[in-house]
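Visitor: would you be able to build a 3D model of this:
(2 chains)
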Amino acid sequence: MLSALDPILAPLTFWLLALAAVVCGGGVLLSRHPLNGAINLIGVMLALAGLYALLGSPFLGVIQVLTYAGAIMMLVVFVIMVLNRARDHEVPSVDWYGLLVLPLPLALAAGVVRVLARTPMAPSPEAVRGEPEAIAAAMFDLAPTAGGWWLLFEVTGVLLLVAAVGAVLLAKRELTSRAEAAAAGGDKEHGHDAH
Amino acid sequence: MMHIDPLDVQILAAVLFALGLGTALARRNLFFVLMGVELMLNAANLSIVGFSRQFPGGAGLHGQIVPLFTIAVAAAEVCVGLAMVICITRVKDTVDGDAFADMKE
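Guide: Coordinates of the predicted model:
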């Protein structure tokens, strides 16, 4: 559509989104209160969704907004607000021993980037744009030579079910029901069970 | 999309990964540790998507399917991770990660 302007617009959009992602990522690292960090992380995820669309995966960008920025971060923000107490941000923010470990992975990342800089990389002219139809056709291709993503898809369903059940079990106060606890004479929760 | 240098995408992914690693290692608040892990997963996704467009046809599409599974696994991880934070906050009444260093005792 805008092919004449593409050589200017595409890098401009890329660098704007990259700047937004890095600034918000720095905000995650530096913010004091977890809620500020979560809002910054949502900013990173929205910028990354734009980058995915720009890099030719619009379906992945939509999933990123729906699942990551929408569902996952909503859960994080919700739990932060539920557990929010006055001392939430009085926890000392930086673990100085952790900082001692940092230079090593940073040096590793710099080394990886240096190696990548010497590798010839070019976008393929025949790269397929990741439209939902193309992704679905590749993902649910049942042919033995297709990669077997459909099996992984089924297993992911089981994983999510197990995670949901595990989360409920972990976060539940008692593993017995209220009636059973009352029958067992447990008066630990007496104040909460008054009504 | 032909006018973006693939190396720039990888450098951006490396910078985001470093920020996430710094958050996960250096912050003490458990929420920030979880968010650092999320940031690292996102950086890895960006790297995969950046590489995926170097391959023609279906091979490149596979590189766009892998991040979908990463997102699903991240959802499971956040789900269980937050449940654990709730669980241990109930025991010690703090979100300071260092308060839970009592396994050595």
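
Visitor: and the contacts of stretch A:136-153?
Guide: Applying CB atoms under 8 Å, 6 or more residues apart in numbering or on different chains, the contact partners of stretch A:136-153 are B:58, B:61, B:62, B:65, B:68, B:69. The C-beta positions use only the backbone N, C-alpha and C, and glycine is treated the same way.

Visitor: list the buried residues of it.
Guide: Residues of stretch A:136-153 classed as buried by neighbour count (16 or more other CB atoms under 10 Å in any protein chain shown): A:138, A:139, A:147, A:149, A:152.

Visitor: residue B:76 reaches residue A:160, doesn't it?
Guide: Yes. If you go by CB atoms under 8 Å, residue B:76 and residue A:160 touch, sitting 5.6 Å apart.

Visitor: more crowded one of the two?
Guide: Shown here are residue B:76 and residue A:160; by other CB atoms under 10 Å in any protein chain shown, residue B:76 has more neighbours (18 against 15).

Visitor: ok, and the closest non-adjacent residue to the more buried one?
Guide: Counting by CB to CB, 6 or more residues apart in numbering or on different chains, residue A:163 is the residue found nearest to residue B:76 once chain neighbours are left out, at 3.5 Å.

Visitor: quick check: buried residues in whichever helix or strand that neighbour is part of?
Guide: Assigned by DSSP states H and E, residue A:163 belongs to helix A:149-171. Applying a neighbour-count criterion of 16+ other CB under 10 Å, one finds A:149, A:152, A:156, A:159, A:163, A:167, A:170, A:171 buried in helix A:149-171.

Visitor: how far is that helix from where the chain is centred?
Guide: 16 Å (CA atoms, centre = their mean, to the nearest Å).

Visitor: for residue A:157, give me the pLDDT.
Guide: On pLDDT, residue A:157 comes in at 94.

Visitor: helix, strand or coil for residue B:3?
Guide: At residue B:3 the chain is in coil, as set by DSSP: H, G, I helix; E, B strand; the rest coil.

Visitor: just the CA atoms of the helix holding residue A:163, as PDB, please.
Guide: Extracted C-alpha coordinates of helix A:149-171, given in PDB (Å, rounded to 0.1, in the frame of the first residue of the first chain):
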ATOM      1  CA  TRP A 149       2.500 -29.000  16.200                       C
ATOM      2  CA  TRP A 150      -1.000 -30.300  16.700                       C
ATOM      3  CA  LEU A 151       0.300 -32.900  19.300                       C
ATOM      4  CA  LEU A 152       2.100 -30.100  21.100                       C
ATOM      5  CA  PHE A 153      -1.100 -28.100  21.000                       C
ATOM      6  CA  GLU A 154      -3.000 -30.900  22.700                       C
ATOM      7  CA  VAL A 155      -0.200 -31.300  25.300                       C
ATOM      8  CA  THR A 156      -0.400 -27.600  26.000                       C
ATOM      9  CA  GLY A 157      -4.000 -27.900  26.800                       C
ATOM     10  CA  VAL A 158      -3.200 -30.600  29.400                       C
ATOM     11  CA  LEU A 159      -0.400 -28.300  30.800                       C
ATOM     12  CA  LEU A 160      -2.800 -25.400  31.200                       C
ATOM     13  CA  LEU A 161      -5.400 -27.600  32.900                       C
ATOM     14  CA  VAL A 162      -2.700 -28.900  35.300                       C
ATOM     15  CA  ALA A 163      -1.500 -25.400  36.000                       C
ATOM     16  CA  ALA A 164      -5.000 -24.100  36.700                       C
ATOM     17  CA  VAL A 165      -5.700 -27.000  39.100                       C
ATOM     18  CA  GLY A 166      -2.300 -26.600  40.700                       C
ATOM     19  CA  ALA A 167      -2.800 -22.900  41.200                       C
ATOM     20  CA  VAL A 168      -6.200 -23.400  42.900                       C
ATOM     21  CA  LEU A 169      -4.700 -26.100  45.200                       C
ATOM     22  CA  LEU A 170      -1.700 -23.900  46.100                       C
ATOM     23  CA  ALA A 171      -3.700 -20.700  46.800                       C
END
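
Visitor: perfect, I'm done here.
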